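*Asks:* pasting the structure only:
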């Protein structure tokens, strides 16, 4: 068999249609153009997580609408470029196991080869549910049977009768954000939802660009949440992760960063989920000052390493490290970074 140079080529040679999703920090679709450039090392991976690219690849044959799913975790170098050897090894294992037709039902031997693939990972159930909903929506397939149950729950307002709601119903509902009546139903319900429903709902909302009515409702709920209720604050902040470019959300995060103190858990939430709000040197500097004020070197190092791996954040972060306007506390924290590396 001819040597196959990339995952894209493997799928194309198998006559498969395919889509690629990032599954690291949150779920985001990667265009084929971006994915191809990442594979060719023409672009760093846009959203690295723990030094890896976490990919969900769904593919299907034209004559068969049934999609298949791979969850692939590939290492990145310090510049965020894909480790070519690992990618080639993954492709070789798949090609050896399945040959030219990736959509065949594998034999027992092939199944063993696939299961031994070291680059396969298992996402959390919440991410898997949301991914299934997004794929279903993107492929114009109907939602699961749980969709109607969640819609009835929001419409009937029996807030404590949540035990029969399926997470898949919540994610199916969120995947279809964009319809005015649909979005208003979510927005008008947020303040009344019990924790057991609000938590998975916010986890799903973080993967979608939200409409104005939902953003306004979330920000209002945040303003009413006591400062000591960190679990709820984090949930609500996460839900805004894909909407940080909206003016209202942007202003909220700027005001948040301008506060005198921020809890450690909120700083972790901002860097891990809402990093796109740290989009200029002023924001990064405010964030780093909060982080340095904790005087926790391990925390500072871990978050710094996480942020510096993100291609859009890296140059801004380096610029702030050279700034003469940083506090003595931040200067000490940055100095310790270099000392530790030396």
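*Replies:* Yes, it's here. The structure displayed is predicted, hence computed values, not measured ones.
*Asks:* what's the longest strand along the chain in contact with?
*Replies:* In the chain, ranked by residue count with DSSP state E as the criterion, the top strand is strand 52-61. Strand 52-61 is contacted by residues 7, 11, 14-24, 27, 30, 38, 45, 66-76, 82, 102-103, 121, 123, 131, 135 when judged by CB atoms under 8 Å, 6 or more residues apart in numbering. All C-beta spots, glycine's among them, are computed from the backbone N, C-alpha and C.
*Asks:* could you find the closest non-adjacent residue to residue 15?
*Replies:* Nearest non-adjacent residue to residue 15, counting by CB to CB, 6 or more residues apart in numbering: residue 61, 6.4 Å away.
*Asks:* one more: residue 231?
*Replies:* Nearest one to residue 231, counting by CB to CB, 6+ apart, is residue 195 at 7.8 Å.
*Asks:* contacts for stretch 271-291, please.
*Replies:* Against stretch 271-291 from outside (CB under 8 Å, 6+ apart): 25-26, 206, 237-238, 240-241, 244-245, 249-250, 253-254, 257-258, 261-262, 267, 270, 299-300, 303-304, 306-307, 310, 312-313, 316-317, 319-320, 323, 325-327, 329-330, 333.
*Asks:* repeat that for stretch 209-222.
*Replies:* 177-178, 180, 183-184, 186-188, 190-191, 205, 233, 236-237, 239-240, 242-243, 246, 248-249, 252.
*Asks:* let me know the secondary structure of residue 73.
*Replies:* At residue 73 the chain is in strand, as set by DSSP: H, G, I helix; E, B strand; the rest coil.
*Asks:* quick check: the gap between the residue lying closest to it once chain neighbours are set aside and residue 128.
*Replies:* Closest residue to residue 73 apart from its sequence neighbours, by CB to CB, 6+ apart: residue 121 at 4.3 Å. From residue 121 across to residue 128, the span is 11 Å (CB to CB, to the nearest Å).
*Asks:* same question, residue 52
*Replies:* 18 Å.
*Asks:* confirm for me that residue 332 is in contact with residue 292.
*Replies:* Yes: using CB atoms under 8 Å, residue 332 is in contact with residue 292, at 7.5 Å.
*Asks:* perfect, I'm done here.
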